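prediction below, plus the sequence it came from.
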Amino acid sequence: MTKRMSPAEKLFIWDAEGPLPFRVGITLLWRSYGDSASPDALSILKLVEEQSDSFKDRYLSWIYDLGEQRFKNRRVIDLLAFRPGFSYWWMTSFSEKYNSGNSSRITDSIRLMAFENWMRGRTVSRVVLVSSNALLSECLRSWCINSEIEFEWRRIKAKKKPRSILKRLYHVLPNSMQALIWLLHYLIDRWPLKGRGLREWKSTKGDLCCFSYLFNLVPEALKEGRYDSRYWASLPDELHDDGYHINWLHLYEKDELVPTARDAAAVIEQFNRSACGSQTHVTLDTFLSVQVVFRVLRDWFRLLIAARELRKMHCSPKGLDIDIWPLFAGEWQCLLNGNKVVSNLLVYNLFESAMKILPQQRLGVFLQENQSWEFGLVHAWKVAAHRRLIGAPHSTVRYWDLRYFFDPRSYCRNGVNELPLPDQVALNGNAALEAYRKGMYPEKNLVEVEALRYLYLQEDRKEKSCTLSSDVGILHVLVLGDYLADNTKLQMQMLEQTLPFLSTTLDITVKPHPNCPIDPADYPLLKLTMTMDPLWKLLSGCDVACTSATTSAAVDAYCCNVPVVSVLNPQSLNLSPLRDREGVFFASNARELAGMLVSASSSSISADGNRLFFTLNSGLSRWRKLLHGDIK
């Protein structure tokens, strides 16, 4: 129940860390889910969740309208076209809608929608915002002026991450200069990959092409020079047994196993040697050339000239009295004049080069997350006259991960710079199918396949170690790290803060994300055992799993019938793949986390996790049928 305000009451909006230092009027918590210290305060994040479908649809509708906005009778989408039939719009951050990172613009815009909805019918004499967010202040100030409400911004100092002198100098340069420096640095860094595997790529006899990341490799296989990726599990081996020759194009991501481009070049050459002609491996950077760089600069210049009118853009969602455009105005001004545009144009031109010289392919499969590079790939693939292309979401499809969702009008095909879509989307089970259907994705283009990354879930594993129940007073906690450093830091700090609220001893095992290491020295109050052992092995020996509210590893625990407690990040929406699932615990502060760890460890867990989420069959009959072309 939300508390109604009395006439002409003050409203405090608390957009700061820590407990409230005052209790005056009504308080709206902007980045908190609430706690026992301020029971009368309302949480904007909880208000968002009360009508989440409405706010989500409204945001997606706004993004669609943004692309359809007209300047001199031409849509934004058409103004940004730099190839026949393909618009750069689909590679922009606006279209991508990535709201899992550090940026709070998308989250704040949805909070503002919930705020306006909550304020209807309420009378306020004064709004006081306690925040370091100047853009949020600008949005609320203009709304208060239009509503004849007094507004006060009590500005607090924002926390800034320390930067080196070089980085500070770099960031004061004009955006165009930053972009050119970035391009030069990238070329120097990745040039060792130029041409690696190119000869094999040009002469390949294979007609199946897979697009993946040179990341998340199986270490044991890598030591032997064999390609084995956790993204694809046993599928490559099964296809090899069926007589397929697979062409692999990898996007190189630095990690501990392959830390430099020179290491990646050596790995690619080793993969090609060890495959003995059954696989061809290249990276996207294989296709670097002076000609590609010139095309990137040419495309960038043409976009800048064609889109000069776009600087006048000012657009807010229809029917919303609060102007949210100040949140995005700076990002819009950098739309075509910064690192991201040069990076995206480079990726597109590299795909274009790769697809032109690749012998015609019967089938292509790529890992689908709706990142900007994927739309460039889809268009380059089709222009090169390759045949069927399949997108395969490799993990979970989370409700608030807006990359996976578009306004339904985006799926209408008009043949003019339309949203680039694969011919089919291969979904790994009921949860993903349900999410795509609710998002109004064209049903005829959806197909169900086995969940490659989760095939281990169907294997018989030993039950939980019998020693757990005998460890009286000890709680065995498995901490699953996040790929975002901020989420991981919050998770570990909150776990450390639970100690005063616990009467039991924590036995903590930590499995960090490969791209986000955890240093035990940063958390001296916790006794941590670090490991990179397989999840199934770790889950069989814990009482409860503690995760961030973003990581898909929470689903692994859920499907293994292990209780899950997820730490909510108040800076973002609930991005958990287990959102709205029964038997899952969400903690927003240390006291809650302490209580939930104890209560969750003794709770009963549904055994239906596998059925709810994934299609599992080690024979991969659905994948085989799809790749053989029996499903049209």
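Ah, there it is.

give me the neighbour count for residue 152.
Neighbour count of residue 152, defined by other C-beta atoms under 10 Å: 14. In this view, the C-beta of every residue, glycine as well, is placed from N, C-alpha and C.

how about residue 43?
Quick note: residue 43 (other C-beta under 10 Å) scores 22 neighbours.

check the one 3 residues further on too.
Other residues within reach of residue 46, judged by other C-beta under 10 Å, total 15.

how close does it get to residue 390?
Look at residue 46 and residue 390: by C-beta to C-beta, to the nearest Å, they are 39 Å apart.

repeat that for residue 336.
31 Å.

what ranges do the strands span in the stretch 451-600 of the chain?
Residue ranges of the strands in the stretch 451-600 of the chain, as given by DSSP state E, counting those that start in this stretch, are 474-480, 505-511, 528-530, 544-548, 564-567, 584-587.

starting at the chain centroid, how far to the fourth one?
Read it as strand 544-548. Here strand 544-548 is found 19 Å from its chain centre; the criterion is C-alpha atoms, centre = their mean, to the nearest Å.

packing partners of that strand?
On a contact count with 3 or more C-beta pairs under 8 Å, 6 or more residues apart in numbering; DSSP states H and E, strand 544-548 meets strand 474-480, helix 485-497, helix 553-559, strand 564-567, helix 590-601.

where do the strands sit along the stretch 151-300 of the chain?
So, for the stretch 151-300 of the chain - with DSSP E, counting those that start in this stretch - the strands run 208-214, 246-252, 279-283.

what comes into contact with stretch 256-268?
189-193, 196-197, 214-215, 217, 219, 222, 250, 252, 254, 281-283, 285-286, 514 (C-beta atoms under 8 Å, 6 or more residues apart in numbering).

distance from it to the middle of the chain?
Using C-alpha atoms, centre = their mean, the offset of stretch 256-268 from its chain centre is 25 Å.

buried residues, it. List them.
257-258, 261, 264-265, 267-268 (16 or more other C-beta atoms under 10 Å).

in JSON lines: those, plus pLDDT and distance to residue 76.
Listed next are the buried residues of stretch 256-268 as JSON lines, based on pLDDT from 0 to 100; distance: C-beta to C-beta, whole Å:
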{"residue": "257", "pLDDT": "92", "distance to residue 76": "41"}
{"residue": "258", "pLDDT": "96", "distance to residue 76": "39"}
{"residue": "261", "pLDDT": "98", "distance to residue 76": "36"}
{"residue": "264", "pLDDT": "98", "distance to residue 76": "37"}
{"residue": "265", "pLDDT": "98", "distance to residue 76": "40"}
{"residue": "267", "pLDDT": "97", "distance to residue 76": "41"}
{"residue": "268", "pLDDT": "98", "distance to residue 76": "39"}
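
contacting residues around the residue positioned nearest the centre of the chain?
Geometric centre of the chain, nearest residue: residue 100, 5.0 Å, by C-alpha atoms, centre = their mean. Residues near residue 100 by C-beta under 8 Å, 6+ apart: 401, 484, 550, 572, 575.

generate a ChimeraX selection restricted to the buried entries among the residues you listed.
Of the contacts of residue 100, the buried ones go into a single ChimeraX selection, burial set by 16+ other C-beta under 10 Å:
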select :401,484,550,572,575
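
among the contacts of residue 100, which pair sits farthest apart?
401 and 484 (12.6 Å; C-beta to C-beta).

just the helices and strands packed on strand 544-548: most buried one?
Highest mean neighbour count of these: strand 564-567, a mean of 28 (counted as mean count of other C-beta atoms under 10 Å).

report pLDDT for the nearest residue to residue 433 once chain neighbours are set aside.
Of all residues beyond its chain neighbours, the one nearest residue 433 is residue 427 (5.0 Å), with distances taken as C-beta to C-beta, 6 or more residues apart in numbering. Residue 427 carries a pLDDT score of 98 in this model.

same question for residue 484.
pLDDT for residue 484: 87.

next one: residue 411
Looking at residue 411, its pLDDT stands at 96.

what's the answer for residue 112, then?
Confidence score, pLDDT, at residue 112: 97.

got it, and the one 5 residues further on?
pLDDT, the model's per-residue confidence, is 96 for residue 117.

ok, how many other residues are close to it?
For residue 117, using other C-beta under 10 Å, the count is 16.
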